[in-house]
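>>> just coords:
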């Protein structure tokens with residue numbers, strides 16, 4: 001009688017019957033042990049497993065190494081989730097050899113992504129591949145970063161500004177019309193400029209001594225923001241709940257970002273259909289609103305940076321670039337004197 005030895009199997013005998021399990025996947029094989037059907041079923045499992053595992057020298061292997069590195073795990077939760085979405089979007093390229101990852105390929109991928117998913121996502125994908133390639137260079141997985149030198153997709157000159165600031169009238173309308181479970185997180189962002197993730201994660205214990213204390217998820221900076229009187233009134237008038245966070249759902253549970261996004265988008269769409277608000281109103285636009293209002297109130301860029309919890313001036317400038325500085329320009333003209341005529345008089 002022939003003896004069949006098959007590696008990677010675990011066999012059990014229960015009540016006189018033998019069962020075989022595939023060790024790596026934990027799947028029980030249904031066919032009778034030793035038959036042609038059994039061998040075919042086993043090969044199918046092995047083939048699926050080989051395809052699922054990232055191959056050495058491939059895009060999948062590069063991304064797997066990056067995901068396991070401190071460079072990825074130390075990112076803020078929001079950044080990790082965003083990076084993971086982009087890498088998941090590239091799953092069809094997991095078996096692609098890294099030798100084929102050239103600047104020309106990156107440029108072609110950029111153009112396809114821009115056509116299918118838009119400019120922002122195309123540039124986001126390039127940024128994630130670039131970060132993973134830098135990790136790969138440090139660990140000998142890849143020699144060069146092929147993304148370097150490949151231009152990002154430029155924003156169209158006629159495209160509307162993303163995340164535009166809200167008008168005062170829109171701020172008033174939204175706070176009046178939104179239900180309390182949405183009104184409170186919107187108000188927190190409107191009066192503080194905090195990002196959505198920080199607003200939804202803000203705990204009740206973070207509000208004390210007339211201030212909001214928060215270490216931001218993205219930059220890790222500790223903020224101490226005085227509570228505006230209007231915000232204090234909204235906080236005092238909000239229904240009591242037992243959730244650990246300041247903002248909560250109607251079930252008194254902390255918001256998930258996806259759940260909040262769904263409810264917020266629906267509510268804003270209703271207001272837009274009724275003509276109560278304009279196009280392009282986003283939650284992140286409230287951060288631009290705060291930056292704009294601070295500049296218009298006469299505060300310098302460094303103050304805006306510190307209020308918004310930015311590490312550099314560049315982003316503070318970005319968030320306040322639409323500010324109306326006409327009053328300060330009028331003050332400048334009173335002192336501008338190219339011909340010296342004002343000094344003579």
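Perfect, thanks for sending it. The model shown is predicted, which means the values in this text are computed figures rather than measured ones.
>>> mind giving me the domain split of the protein?
17-52, 59-138, 168-327 (automatic domain parsing).
>>> looking at the ones you listed, which is nearest to residue 155?
domain 59-138 (6.2 Å; CB to CB). C-beta here means a position set from N, CA and C on the backbone, and glycine is covered the same way.
>>> quick one: distance of that closest one to the chain centre.
14 Å (CA atoms, centre = their mean, to the nearest Å).
>>> quick one: the strands in this protein?
For the chain, the strands defined by DSSP state E occupy 9-14, 17-22, 28-29, 207-208, 211-215, 222-226.
>>> now render those as TSV, adding mean neighbour count.
Formatted as TSV, the strands of the chain follow (neighbours: other CB atoms under 10 Å):
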stretch	mean neighbour count
strand 9-14	10
strand 17-22	14
strand 28-29	16
strand 207-208	13
strand 211-215	17
strand 222-226	14
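>>> closest to residue 148 out of these?
strand 211-215 (32.9 Å).
>>> sheet partners, orientation included, of that closest one?
Applying DSSP bridges, strand 211-215 is found paired with strand 207-208 (antiparallel), strand 222-226 (antiparallel).
>>> what's the longest one in contact with?
Right, strand 222-226. 192, 194, 210-216, 307, 309 (CB atoms under 8 Å, 6 or more residues apart in numbering).
>>> again, 6 Å this time
192, 211-215, 309 (CB atoms under 6 Å, 6 or more residues apart in numbering).
>>> thinking again about what came up before, of the strands paired with strand 211-215, which is nearest residue 133?
Across these, closest to residue 133 is strand 222-226 (CB to CB), at 32.8 Å.
>>> the closest one: how far from the chain's middle?
On CA atoms, centre = their mean, the centre of strand 222-226 falls 23 Å from that of its chain.
>>> what's the answer for stretch 23-41, then?
43 Å.
>>> could you pull up the mean pLDDT of that stretch?
For stretch 23-41, the mean pLDDT works out to 77.
>>> buried stuff in that stretch?
Residues of stretch 23-41 classed as buried: 29, 38, 41 (neighbour count, 16 or more other CB atoms under 10 Å).
>>> kindly report the same for stretch 227-246.
For stretch 227-246, using 16+ other CB under 10 Å, the buried residues are 227, 231, 234-235, 238, 241, 245-246.
>>> so which of those residues comes closest to residue 273?
Of those, the one sitting nearest to residue 273 (CB to CB) turns out to be residue 234, at 25.4 Å.
>>> list the contacts of that closest one.
residue 187.
>>> how about the one 5 residues further on?
Contact analysis of residue 239 by CB under 6 Å, 6+ apart lists residue 180.
>>> please repeat the previous calculation with a cut-off of 10 Å.
180-181, 184, 248, 250, 252 (CB atoms under 10 Å, 6 or more residues apart in numbering).
>>> now it: how far from residue 250?
9 Å (CB to CB, to the nearest Å).
>>> overlap in contacts, those two.
180-181.
>>> kind regards, and thank you for your time.
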